[in-house]
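A.B. asks: next comes the sequence, and after it the predicted model I'd like to discuss.
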Amino acid sequence: MSVVSAVPFMRSSHMRSPVPQGRRHTLPASEFRTLSPEDAISVFEIEREAFISVSGECPLHLDEVRHFLSLCPELSLGWFEEGRLVAFIIGSLWDQERLTMDALTLHKPHGTTVHIHVLAVHRTFRQQGKGSILMWRYLQYLRCLPYVRRAVLMCEDFLVPFYQKSGFKVQGPSEITVGPLTFIEMLYPVRGHAFMRRNSGC
């Protein structure tokens, strides 16, 4: 199954539309919403293509995607274009200063740190700034959650500048390794934006 495949839709020029002009039921051109377990397959297919070709490892396997979208869907955000998922972020709550191996699979409901597990963009929508825009929208959203004080993530060295542009600061090497891969841990202080929270309509 592929989320990029589509059956061409053709309509004869001699056929009338059953829906009166001006009242067509069309999907929004662009929509941001939290994800659900029903989105898991689309999420995983984008993630697998994005990460396997680069590092050989997926941050989340399909069962883990379903796990987090069931436990904490409110910490996810998907970008849909005409109903098709084109980019997404999945997060969960964590309750320690630094990430450990447990953070890869656990959701700590009483935590105040959002662990961003993965950000991925569909291959046909890359190099368009969508990853940066989605991260900005996600961080704005986190400011509306009163229990969130900060967001953390881990990434490979070459991605550090990308996340720095979004306001993340380097915390140092992560203690987590996946096979031969090592990571840098980065932090974004959500709590430090109280003024923006008061003026964001939250």
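C.D. replies: Yep, it's here. Numbers count the residues shown, from 1 in each chain.
A.B. asks: strands along this structure, start to end?
C.D. replies: Taking DSSP state E as the criterion, the chain contains strands spanning 30-33, 76-81, 84-94, 113-121, 150-155, 169-178, 181-188.
A.B. asks: restricting to C-alpha, output the third one in CSV.
C.D. replies: Taking C-alpha atoms only, strand 84-94 is exported to CSV below (Å, rounded to 0.1, in the frame of the first residue of the first chain):
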residue,chain,number,x,y,z
ARG,A,84,-3.5,13.6,2.0
LEU,A,85,-1.0,13.6,4.8
VAL,A,86,2.2,15.4,3.6
ALA,A,87,4.1,16.0,6.9
PHE,A,88,3.8,15.1,10.5
ILE,A,89,5.2,15.3,14.0
ILE,A,90,4.7,12.8,16.8
GLY,A,91,5.5,13.5,20.4
SER,A,92,4.9,12.1,23.9
LEU,A,93,5.5,13.3,27.5
TRP,A,94,8.7,12.7,29.4
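A.B. asks: from the contact counts, what lies against it?
C.D. replies: Using 3 or more CB pairs under 8 Å, 6 or more residues apart in numbering; DSSP states H and E, the elements in contact with strand 84-94 are helix 40-52, helix 62-71, strand 76-81, strand 113-121, helix 130-142. Any C-beta I mention is one placed from the backbone N, CA and C, and that applies to glycine too.
A.B. asks: mean neighbour count, distance to residue 29 and mean pLDDT for the ones you listed - can I get that in CSV?
C.D. replies: Converted to CSV, the helices and strands packed on strand 84-94 look like this (neighbours: other CB atoms under 10 Å; distance: least, CB to CB, whole Å; pLDDT from 0 to 100):
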stretch, mean neighbour count, distance to residue 29, mean pLDDT
helix 40-52, 19, 18, 92
helix 62-71, 18, 24, 97
strand 76-81, 21, 7, 97
strand 113-121, 24, 17, 97
helix 130-142, 18, 14, 97
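A.B. asks: can you name the residues bridging to the nearest residue to residue 119 once chain neighbours are set aside?
C.D. replies: Distances taken as CB to CB, 6 or more residues apart in numbering put residue 89 closest to residue 119, at 4.9 Å, once the chain neighbours are dropped. Beta-bridge pairing of residue 89, defined through DSSP bridges, involves residue 77, residue 119.
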